[in-house]
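A.B. asks: sequence plus predicted model, see below.
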Amino acid sequence: MRLAMSSAAALMLALTACGSGDKTSSRNQSDMGMGFNTVDRQYAKNTPDTWAAAHSTMKSFGLTIDSDRHDTMGGELKAHRASGDKVLVRVQSLDEKTTDVSVRVEPGIRNLAEMIHERMADKLGIKEAKAVLFGGNTCEGTYPTSLENCVKAAEDAARRLNLTVTNKEIKDGAAIVDAREANSNPVQFNMKRTGDHTKVTFIAGREKTDVTRDLANRMKAEFEAATSAGSN
């Protein structure tokens, strides 16, 4: 009798454990945990200003804010789109002049997360060309074509490489096209008119690594392919 009761208790424990595991799995699949598709960036701005930019950006995209929890050190914004997709923004102070921001759009809509960051940067008065201090790998080329054609080729090269263009400026015989990889690694096409030619510097990343060297070379190759296609 005692053996039968012990077996029954063990069976109940096993069933309870299985049930508990199923609930946890379901919750993990539906929550808004920050994962692979999260876009994380750091801003050289204090946390209150960054939070205000995040809140204003959510409103500017027509998102409905579901919860707003924050203090002077940061916080969390939860919102949703008209389609029902959830948006989560987390803001965290790194020091009195730097703030980290993570954005995720369920179910991993990375493009909108990138757009939210770019709108935030604009509201904070940050231009990628001026804010990013490049220290990565570079390569150069000089081309017998106009500055305008080079800008178009740079934008085309960015599309070929699946880069997101974040800024474009043309003035006084010079131009820049800033972009980012999906992991937010910054790149830049820096162009300057010299006589009948345009000199282009291809800059990839913040550090000199094998990966950024390869990216700079691919930027140049795709740029040259785009200029060749444009001249035909």
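C.D. replies: Structure's in. What do you need? Residues are numbered from 1 along each chain as shown.

A.B. asks: residues in contact with stretch 215-232?
C.D. replies: If you take Cβ atoms under 8 Å, 6 or more residues apart in numbering as the criterion, stretch 215-232 is touched by 136-139, 141, 143, 145, 149-150, 152-154, 156-157, 160-161, 181, 185, 187, 189, 200, 202-205. All C-beta atoms are positioned from the backbone trio N, CA, C, and that covers glycine.

A.B. asks: give the buried residues for that stretch.
C.D. replies: Under the neighbour-count criterion of 16 or more other Cβ atoms under 10 Å, stretch 215-232 has 215-216, 218-223, 226-227 buried.

A.B. asks: for the record, mean pLDDT for that stretch?
C.D. replies: Mean pLDDT, stretch 215-232: 88.

A.B. asks: output that stretch as PDB, nothing but the C-alphas.
C.D. replies: Provided in PDB are the C-alpha atoms of stretch 215-232 (Å, rounded to 0.1, in the frame of the first residue of the first chain):
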ATOM      1  CA  LEU A 215      33.900  44.900 -45.700                       C
ATOM      2  CA  ALA A 216      35.800  48.000 -47.000                       C
ATOM      3  CA  ASN A 217      37.100  46.000 -50.000                       C
ATOM      4  CA  ARG A 218      33.600  44.800 -50.700                       C
ATOM      5  CA  MET A 219      32.300  48.300 -50.500                       C
ATOM      6  CA  LYS A 220      34.800  49.400 -53.100                       C
ATOM      7  CA  ALA A 221      34.100  46.400 -55.400                       C
ATOM      8  CA  GLU A 222      30.300  47.000 -55.300                       C
ATOM      9  CA  PHE A 223      30.800  50.700 -55.800                       C
ATOM     10  CA  GLU A 224      32.900  50.100 -58.900                       C
ATOM     11  CA  ALA A 225      30.400  47.600 -60.200                       C
ATOM     12  CA  ALA A 226      27.700  50.300 -59.700                       C
ATOM     13  CA  THR A 227      29.700  53.000 -61.500                       C
ATOM     14  CA  SER A 228      30.400  50.600 -64.400                       C
ATOM     15  CA  ALA A 229      26.700  49.700 -64.700                       C
ATOM     16  CA  GLY A 230      25.800  53.400 -64.700                       C
ATOM     17  CA  SER A 231      28.200  54.200 -67.500                       C
ATOM     18  CA  ASN A 232      26.800  51.500 -69.800                       C
END
